[in-house]
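[1] need a structure here:
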Amino acid sequence: MSQMRHQLPAEPTACPGCEEPLEPGDLFCGACGSDLSALSQPPGDHPTVAITVAPSAASAGGAAGGTAPGTDVPPAAVRYDDPPPAAPETGDFALAAPVAAVPAQSQPQPQPEPQPVDPRCVAPEPTPPAGTLAKVCVACRTGRIDDDGYCENCGHAQPRERDHMEQELDAVAAVSDRGLRHHRNEDSFAVSSAALPDGSPAVVAIVCDGVSSATRPDEASAAAAIAANEALLESLPRGTHPQQAMHEAIVAAAESVNSLATDTGHAVEHDANHHTNAPACTLVGAIVASGLLVVGWVGDSRVYWVPDDRTAPPARLTEDDSWAAQMVAAGLMNEAEAYADERAHAITGWLGADAYELEPHTASFKPDRPGVVVVCTDGLWNYAEAAQEMAQAAPADAAVRPLHCAQVLVGHALDGGGHDNVTVAVLPFAMPEQGAGSAYGTA
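    Residues are numbered from 1 along each chain as shown. You can find the predicted model right below:
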């Protein structure tokens with residue numbers, strides 16, 4: 001325990017050795033170097049702990065700024081290994097007090113160098129003004145979140161906005177999730193609707209999957225989804241055929257992703273390979289308009305057709321740009337063998353500055369019955385690869401509850417392991433009214 005200073009002897013005004021005048025608080029003589037500390041009898045225990053008590057009543061009453069009689073003097077600031085006790089009544093930790101009492105008539109002495117403050121003793125920052133909502137950590141529920149997305153209290157990384165996204169319009173819905181193994185969501189999507197020249201609606205869904213081995217895949221997928229969606233919203237109202245509009249949208253998306261490779265704010269000039277590892281992603285999209293279903297893709301994301309009548313056969317409407325698909329097409333492997341190979345998901349087509357050649361694929365269909373169109377990344381179809389498996393995973397009321405269907409399908413992937421990001425868009429397809437016909441013929 002530290003020794004408390006109940007009584008302090010009068011401080012000498014001159015050095016006992018050379019009679020040099022002294023200033024209050026001097027521990028050594030400035031002329032002869034004599035040690036004056038023995039005269040003041042400092043505490044003999046741990047030097048980092050100092051506790052002071054009030055001077056005598058007479059000196060306390062006459063000293064400027066002294067403590068009024070009957071008032072407790074709080075302990076001086078102390079460096080603790082454990083949180084110190086709170087001061088009586090106020091609950092606040094006391095400020096540092098001078099070690100030695102200052103005589104009433106003496107001149108103010110220089111303040112000692114401030115001691116390091118124990119961060120546990122720092123008062124909390126003021127509460128944000130009313131009307132502002134401070135983000136609170138999802139882990140400890142107390143810490144605030146810094147600009148980098150980490151808790152200032154426990155350091156836990158907070159969920160990003162893109163970790164889980166949902167959007168629902170009248171005739172389309174989409175859900176995207178980071179999954180259970182990836183540190184971020186590199187997928188993106190866009191859903192929208194536009195009015196055709198005849199006033200009928202056209203519903204659009206675009207899903208993009210960032211290539212993880214490329215740089216900034218999350219930016220690539222977002223750029224592609226936005227560019228493709230904007231291109232379709234511009235061309236469809238002008239009367240462009242949906243299949244042609246889809247082709248143009250994929251080209252626009254590719255140009256948007258290509259521009260990321262030359263972005264001076266991110267490109268590394270001294271990296272000779274930054275163009276060969278440029279941002280990249282896959283893209284798949286679907287348009288439902290005037291009884292026509294149009295799909296377009298580059299890469300290995302897919303579109304499935306699931307009829308409302310589950311006794312009717314479902315179908316996969318896209319062909320992967322992948323190593324496995326090439327092996328099957330060449331007759332070198334059957335589908336089960338090809339997709340069991342570790343090279344199965346190596347893609348042969350993508351959007352990016354380092355793509356060998358852009359080959360947008362498009363196709364149009366005219367279903368003869370109502371159903372839903374499932375547009376998804378491989379994060380889902382890895383767990384429901386065959387069309388029949390996808391139909392079994394989709395709920396029976398998918399056409400009337402597309403958002404619920406998308407949520408169920410994402411949950412199906414997460415329950416299966418969630419090894420990749422998962423993104424699903426669901427577009428209900430309703431049969432045109434009798435005699436309404438279609439503004440477009442099949443291509």
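[2] packing partners of the helix or strand harbouring Asp218?
    Of the helices and strands defined by DSSP states H and E, Asp218 is found in helix 217-235. If you count contacts as 3 or more Cβ pairs under 8 Å, 6 or more residues apart in numbering; DSSP states H and E, helix 217-235 packs onto strand 187-195, strand 201-210, helix 242-261, strand 280-289, strand 351-352. The way it works is simple: take the backbone N, C-alpha and C, and place the C-beta from them, glycine included.
[3] kindly recompute the last result at 7 Å.
    Using 3 or more Cβ pairs under 7 Å, 6 or more residues apart in numbering; DSSP states H and E as the contact criterion, the elements in contact with helix 217-235 are strand 187-195, strand 201-210, helix 242-261, strand 280-289.
[4] contact partners for the residue nearest to Ser259 when sequence neighbours are not counted?
    Using Cβ to Cβ, 6 or more residues apart in numbering and skipping residues adjacent in sequence, the residue nearest Ser259 is Ala223, 7.7 Å away. The neighbourhood of Ala223, defined by Cβ atoms under 7 Å, 6 or more residues apart in numbering, consists of 256-257, 260.
[5] closest to Trp323 among those residues?
    Here the nearest of those to Trp323, counting by Cβ to Cβ, is Val257; it sits at 21.6 Å.
[6] for the closest one, give me its contacts.
    For Val257, counting by Cβ under 7 Å, 6+ apart, the contacting residues are 220, 223-224, 279-281, 351-352.
[7] buried ones from these, can you make that a PyMOL selection?
    Filtering the contacts of Val257 down to the buried ones (16 or more other Cβ atoms under 10 Å) takes a single PyMOL command:
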select buried, resi 220+223+224+279+280+281+351+352
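[8] a markdown table please, covering the helices and strands packed on helix 217-235 and showing mean pLDDT and distance to His361.
    Formatted as a markdown table, the helices and strands packed on helix 217-235 follow (pLDDT from 0 to 100; distance: least, Cβ to Cβ, whole Å):
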| stretch | mean pLDDT | distance to His361 |
| --- | --- | --- |
| strand 187-195 | 97 | 19 |
| strand 201-210 | 97 | 14 |
| helix 242-261 | 97 | 8 |
| strand 280-289 | 98 | 9 |
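[9] how close does the residue lying closest to Leu317 once chain neighbours are set aside sit to Ser256?
    Nearest-residue entry for Leu317: Val303, 4.4 Å, with adjacent residues in sequence omitted and distances by Cβ to Cβ, 6+ apart. In this structure, Val303 and Ser256 are separated by 21 Å, where distance is defined by Cβ to Cβ, to the nearest Å.
[10] with Leu358 instead?
    Relative to Ser256, and taking Cβ to Cβ, Leu358 is found at 12 Å.
[11] just Glu168 next, same as before
    Computed with Cβ to Cβ, the distance linking Glu168 and Ser256 is 25 Å.
[12] kindly report the same for Val284.
    Going from Val284 to Ser256 by Cβ to Cβ gives 16 Å.
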